[in-house]
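Chemist: Pasting the sequence and the predicted model now:
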Amino acid sequence: MSTTTLQPSWQRDAQTIGLIGLAHGTSHFFHLLLPPLFPVLMSQFDLSFTQCGLLTTVFFLVSGVGQALAGFVVDRIGPFPVLLFGIGALGCSGLLLGSASNYEMLVAVAAIAGAGNSIFHPADFTILNQKVSAPRLGHAFSSHGLAANLGWAAGATFMGAVSVSYGWHTAGFGAGAIAWLVLLILLVCRRTLRAQSPHPIASAKRRTSPASNAGSAFGFLGSAAVWMCFAFFLLGTGAFAVLQNFAPALLGHVYRVGPAVATAALTAYLLGGASGMVLGGFLAARVERNETTVGIALGISACLSIWLAFGTVPAWSLLGLLAAMGFGVGVAGPNRDLLVRRAATARFGASSYGRVYGFVYSGLDAGMAVIPVVFGGLLDAGLFRTALAGIAVLQVGALLSAFGVGNQASAPASRARAA
């Protein structure tokens, strides 16, 4: 019995995880559709740094608002058609970039790419939760996060290399072609990814108790756990965004290292995060209280951030220290995603996956768009060590939010039933 039933289940889970990982990696590939081209675009269209920064802001603003809305669509019509729309929108943004001839078209590229990017978390996590066996969900979330890191690496490498060798127009067309190829693969494998029938937003069972609010379209906004999930993503992603945007400046001023060493330290952080996600997937599958794992992992990263802020770390150890910080954040990732799942199912059930994931992950976009601006002011004021300490503060805030989510989601289920 076990050999005939478990093996097909394992194969089905692996195919689902692989295909969703491919889609998620593609979305992160398009995070870096424009930034690697900023130097040549600035020269081509006589742009300022502010104008280039606005393109990133447009991307994450559209993605953040769209992500909160996309969850409702996922719950209404199902995740697979929404996933296809997202990949198609990314493909269109690449083709538009290839034919861009002015700054206004670049803004349109950023907006369309942001709209495409907005659907992946609600669609991806709904499919994973509905299609992957519960014991393998930790590994599924780990692979999902790992694919994101690989997508970032591939995007930066592809856009940079192709633009240097063949021009930025060709790089845009090439990126669009990659998205359309992924869309074709998903269509061919549609039987694997088509999840359960979409659930109606309004519950068919009308109740008059206070708990009936949980079944309404916006009932999840009354949940403290959902808002703490949002805060978790806002703070945790904000800490990463500060490093992603300002690591060379921070490390250069505090530790007097050159751009090459500072960039290598950021790369070490990303590689550490990728390896941490692998371990985090195993821990998530075996540890019941995921908030404990998140708290320990982010607590270690926060302590390392504080140490880094003191400016007493030997310069030669920066790569190892940043790798360890990234490792802690990576370990937290899959456990974080299971926490969100618990928050979604504790009160609202599987029919709310799209809405809850869409809303809480819009905190990620908010963190990427807002917090670097705040920290940019600290750097402009010369407060580089304060900025490093601020990264630790953001991580501590994220781990406190994680404990709050765990406590809310672990409240006795009998309380909801009794209501």
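Modeler: Arrived safely. Numbers count the residues shown, from 1 in each chain.
Chemist: Give me the most central residue, the protein.
Modeler: Nearest residue to the geometric centre of the chain (C-alpha atoms, centre = their mean): L364, 6.3 Å.
Chemist: Please identify which helix or strand holds that one.
Modeler: helix 353-380 (DSSP states H and E).
Chemist: I'd like to know which elements the helix or strand just after that helix is packed against.
Modeler: Once helix 353-380 ends, the next helix or strand along the chain (criterion: DSSP H and E) is helix 384-409. Here helix 384-409 is seen to pack against helix 224-255, helix 290-310, helix 318-347, helix 353-380 when contacts are counted using 3 or more C-beta pairs under 8 Å, 6 or more residues apart in numbering; DSSP states H and E. For the C-beta atoms, the positions are set from N, CA and C on the backbone; glycine is no exception.
Chemist: can you pull the buried residues of the helix holding L364?
Modeler: By neighbour count on 16 or more other C-beta atoms under 10 Å, the buried set for helix 353-380 is 353-372, 375-376, 378-379.
Chemist: about what we covered before: list the residues that contact the residue nearest to the centre of the chain.
Modeler: The neighbours of L364, taking C-beta atoms under 8 Å, 6 or more residues apart in numbering as the test, are G64, H121, F233, L234, T237.
Chemist: Okay, F120 and G86: tell me how far apart.
Modeler: Spatial separation of F120 from G86 under the definition C-beta to C-beta, to the nearest Å is 6 Å.
Chemist: Below-threshold pLDDT in the stretch 101-250 of the chain: ranges please.
Modeler: 195-217 (pLDDT under 70).
Chemist: mind running it again at 80?
Modeler: 194-225, 244-246, 248 (pLDDT under 80).
Chemist: which of the helices and strands packed on helix 384-409 is buried the deepest?
Modeler: With neighbours taken as mean count of other C-beta atoms under 10 Å, the helices and strands packed on helix 384-409 reach their highest mean count in helix 318-347, at a mean of 25.
Chemist: Near the nearest residue to A247 once chain neighbours are set aside, how many other residues are there?
Modeler: With sequence-adjacent residues excluded and distances taken as C-beta to C-beta, 6 or more residues apart in numbering, A247 is closest to L266, at 4.3 Å. Residue neighbour count, defined by other C-beta atoms under 10 Å, stands at 21 for L266.
Chemist: just checking, L266 touches L322?
Modeler: Yes - contact criterion C-beta atoms under 8 Å: L266 and L322 qualify, at 6.9 Å.
Chemist: Pull up the overlap in contacts between the two.
Modeler: With the criterion set as C-beta under 8 Å, 6+ apart, the overlap between the contacts of L266 and L322 is L243, A247.
Chemist: Am I right that G404 is in contact with S223?
Modeler: No - with contact defined as C-beta under 8 Å, G404 does not reach S223; the gap is 11.4 Å.
Chemist: Pick out whichever of the two has more residues nearby.
Modeler: S223 (22 against 18).
Chemist: Would you mind measuring from that one to G295?
Modeler: Relative to G295, and taking C-beta to C-beta, S223 is found at 21 Å.
Chemist: And V65, by the same measure?
Modeler: Relative to G295, V65 is positioned 31 Å away (criterion: C-beta to C-beta).
Chemist: Can you tell me, leaving aside adjacent residues, what's nearest to F384?
Modeler: What sits nearest to F384 in space, not counting adjacent residues and going by C-beta to C-beta, 6+ apart, is H253, at 4.4 Å.
Chemist: right, and the one you found touches L383 too?
Modeler: No - contact between H253 and L383 fails when scored by C-beta under 8 Å: they sit 10.0 Å apart.
Chemist: hmm, back to that, helix, strand, or coil at the residue nearest to A247?
Modeler: Following DSSP: H, G, I helix; E, B strand; the rest coil, we place L266 in the helix state.
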